[in-house]
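S.K.: Using only what follows, build the 3D model:
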Amino acid sequence: MKVTLVAAVAVNRVIGNRDELPWHIPEDMRFFRTATMGKAIIMGRKTFDSIGKALDGRKNIVLTRDVDWKHPGVTVVHTVQDALAEATTWIPADPYNPYGAAHEAVVIGGAEIYTLFMPHATNLTLTEVHLNPVGDAFFPKLRLGEWDRVETARVFGTPTTPSYRRSVSRRRKLTPIAVKTLESPTGRIKFPPPKHTDATSYRNI
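M.R.: Numbering: from 1, shown residues only. Model (predicted):
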């Protein structure tokens, strides 16, 4: 099963501040819906609380330490393994939708959840926001040589929205020694050169 981490990440790896996004990008919210629709989505309780409801058209899986926590429309789990197991049971209501948990589970945050699932991730879909905001939640440091960026698109900002780049990356298969030597010393969001680049549109993603 493909496990994809989907996140909007600033240059300094900030993904949130006080349980809110440090930016407002309407197109990225629309992209998030498209990227997750018909799939099992995995999140932490704080992320769920910030959303405030179960997202329609998706299997909502919440990983929490609180054994008493529950919410309508949510599958509650307490381990990473249980979350992935639940994701494999999801069958989309639309039989023509080619995506489902048997094909892909999507991890949507927050910071601790991304860290827990990073060893299991096969793909990254990142909106790399060209800002250095103050924040208290950070995306995990990436091991640079461990990922191949296969798609990328740059979107220029407006007076009300920042510029950003959206990238899709796949995990390489490396030996533990190679992974260790290629680990990023700074943790900043950088990648090897992309194999395919479309610098004007995000429609190819």
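
S.K.: Check the offset of the lengthiest helix in the chain from the chain's centre.
M.R.: Longest helix in the chain, counting residues (DSSP state H): helix 26-36. Distance of helix 26-36 from the chain centroid (C-alpha atoms, centre = their mean, to the nearest Å) equals 12 Å.

S.K.: going forward can the numbers begin at 807, since that is how I track them
M.R.: Sure thing, new numbering starts at 807, so read that last one as helix 832-842.

S.K.: so what does it touch, helix or strand wise?
M.R.: strand 808-816, strand 929-935 (3 or more C-beta pairs under 8 Å, 6 or more residues apart in numbering; DSSP states H and E). Bear in mind the C-beta positions are built from the backbone N, C-alpha and C, glycine included.

S.K.: can you pull the contacts of the residue nearest to Val812 when sequence neighbours are not counted?
M.R.: Leaving aside its chain neighbours, Val812 sits nearest to Thr931 (4.7 Å; criterion: C-beta to C-beta, 6 or more residues apart in numbering). Contacts here follow C-beta atoms under 8 Å, 6 or more residues apart in numbering; on that basis Thr931 touches 810-813, 841, 972-975, 1011.

S.K.: of all these, which comes closest to Trp829?
M.R.: Trp829 has its nearest neighbour among those in Ala813, at 12.7 Å by C-beta to C-beta.

S.K.: thinking again about what came up before, look at the residue nearest to Val812 and report its pLDDT.
M.R.: We have a pLDDT of 97 for Thr931.
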